[in-house]
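# Quick one, what's the 3D model for this:
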Amino acid sequence: YVDEVLRRVKEIPGVESAGITDALPLGRNRTWGSPAKGVTYERGRFPFAFPRIVSDGYIAAMGIPVIAGRDMAPSDRPNGEQVMLVNESMARALWPGQDPLGKYVLGPCAKERRVVGVVGDVRHLALEQASGNEMYLPMRQCRDQSSVDLVVRSTLPPAQLAGAIRAALQPIAPNLPGNDFRTLQQIVDKSV
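Purely as a prediction, here's the structure:
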């Protein structure tokens, strides 16, 4: 389903990138334990991170820079190597002064995951608050989401884009609500 949604949306003229996430910025948040493999933590210092379960294309659609390594890929599937991206804050917190690429984090939706990319920090909690530790897990490898949002970067005006998405997804999502389309600016405005 994820593959088909992304394929159909990316074929819309004017769509630059598209991805799926379980948590939009300035929306709901949760934390998971995220210890680095091979590290013992003192009491009260166990690391936590905000998990973002995303498809390939999400990082580009949100305009989040890939600082090192790679982005999510369609090949990050359940039977492949369990991988993840971390933001710059998490990389500094877990591996100060070290290259985080190739390092492992224990427990997020798998016994362990290898860090394959570092991305820029995003203000997920509030505009006036720093990002904190964030980890991005491939949606095809982690099914721990109760709902998802489609994120699309496009040159089309919002109303035209909404109509094009509705038409493109109609064969696989005939009951797509018409009032659930929001611009990122609307999400920011609501949080303020």
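# Burial check on Q160, number of neighbours?
Number of residues near Q160 (other CB atoms under 10 Å) recorded here: 12. Using the backbone N, CA and C atoms, a C-beta is placed for each residue, glycine as well.
# Confirm it sits in a helix?
Yes. Assignment of Q160 by DSSP: H, G, I helix; E, B strand; the rest coil places it within a helix.
# I'd like to know how far it sits from Q170.
Distance, Q160 to Q170, by CB to CB, to the nearest Å: 16 Å.
# Ok, N79 next?
31 Å.
# neighbour count winner among those two?
Higher neighbour count among N79 and Q170: Q170, with 12 against 6, using other CB under 10 Å.
# So for this protein, the centremost residue is which one?
V54 (3.8 Å; CA atoms, centre = their mean).
# Please name the nearest non-neighbouring residue to it.
T21 (4.7 Å; CB to CB, 6 or more residues apart in numbering).
# again, but for V116
Nearest one to V116, counting by CB to CB, 6+ apart, is V83 at 4.6 Å.
# wouldn't that neighbour be in contact with D76 here?
Yes. With contact defined as CB atoms under 8 Å, V83 reaches D76; the gap is 5.7 Å.
# where do the contact lists of those two overlap?
P138, Q141 (CB atoms under 8 Å, 6 or more residues apart in numbering).
# what ranges do the helices span in this structure?
2-10, 58-62, 88-94, 158-169, 184-191 (DSSP state H).
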